[in-house]
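A.B. asks: coords please:
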Amino acid sequence: LRVLSMVGKDRIIFATKEDHETPSSAELVADDPDDPYEEQGLILPNGDINWNCPCLGGMASGPCGEQFKSAFSCFHYSTEEIKGSDCVDQFRAMQECMQKYPDLYPQEDENDEKSSKDLEAASMEASAAKEEKGSS
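C.D. replies: Next up is the predicted model:
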């Protein structure tokens, strides 16, 4: 086997025909959930958000990291019937911050932008409907 290159956290490895003909001597080791160095997913075993998850693409540590954390936390812990409908203000603050850094946070194309606006409008409508329902 020969490692050709490293791409981010991934290694590209090429195997020869001879490599495939030799039986593997690899041993499988069970994952230790208490291993602090073991990469966790987005949600930790205790239910908390793993802000170091590579799946977040560094959003939690960028210039709008605090706004991202606030919006994502609100959504994650939301117990509303329409999940996240109580988080419109946090998502608006995150979006306003990201607009200040167009090089780091490219704006969506028209189709994606329409979807985002539709989602935000639906969340706002759900919030308004809930307020009306609660006041009657």
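
A.B. asks: any chance you could map the strands in the chain?
C.D. replies: Listed in chain order, the strands of the chain (DSSP state E) span 2-7, 10-14.

A.B. asks: which regions of this protein sit below the pLDDT cut-off?
C.D. replies: 1-20, 22-39, 108-136 (pLDDT under 70).

A.B. asks: Report the buried residues of stretch 79-97.
C.D. replies: 84-88, 90-91, 93-94, 97 (16 or more other Cβ atoms under 10 Å). Heads up, the C-betas are built off the backbone N, CA and C, glycines and all.

A.B. asks: Stretch 94-108: which residues count as buried?
C.D. replies: Quick answer for stretch 94-108 (16+ other Cβ under 10 Å): 94, 97-98, 105.

A.B. asks: May I have that stretch as PDB, with CA atoms only?
C.D. replies: The C-alpha trace of stretch 94-108 is given here as PDB (Å, rounded to 0.1, in the frame of the first residue of the first chain):
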ATOM      1  CA  MET A  94     -27.000  35.200  11.800                       C
ATOM      2  CA  GLN A  95     -28.000  36.200   8.300                       C
ATOM      3  CA  GLU A  96     -27.300  39.900   8.900                       C
ATOM      4  CA  CYS A  97     -23.900  39.000  10.200                       C
ATOM      5  CA  MET A  98     -23.100  36.800   7.200                       C
ATOM      6  CA  GLN A  99     -24.100  39.500   4.800                       C
ATOM      7  CA  LYS A 100     -21.200  41.600   6.200                       C
ATOM      8  CA  TYR A 101     -18.700  38.900   5.100                       C
ATOM      9  CA  PRO A 102     -19.700  38.000   1.500                       C
ATOM     10  CA  ASP A 103     -16.300  36.500   0.800                       C
ATOM     11  CA  LEU A 104     -16.700  34.000   3.600                       C
ATOM     12  CA  TYR A 105     -20.400  33.400   3.300                       C
ATOM     13  CA  PRO A 106     -21.400  33.500  -0.400                       C
ATOM     14  CA  GLN A 107     -25.000  34.500  -1.000                       C
ATOM     15  CA  GLU A 108     -27.300  31.800  -2.300                       C
END
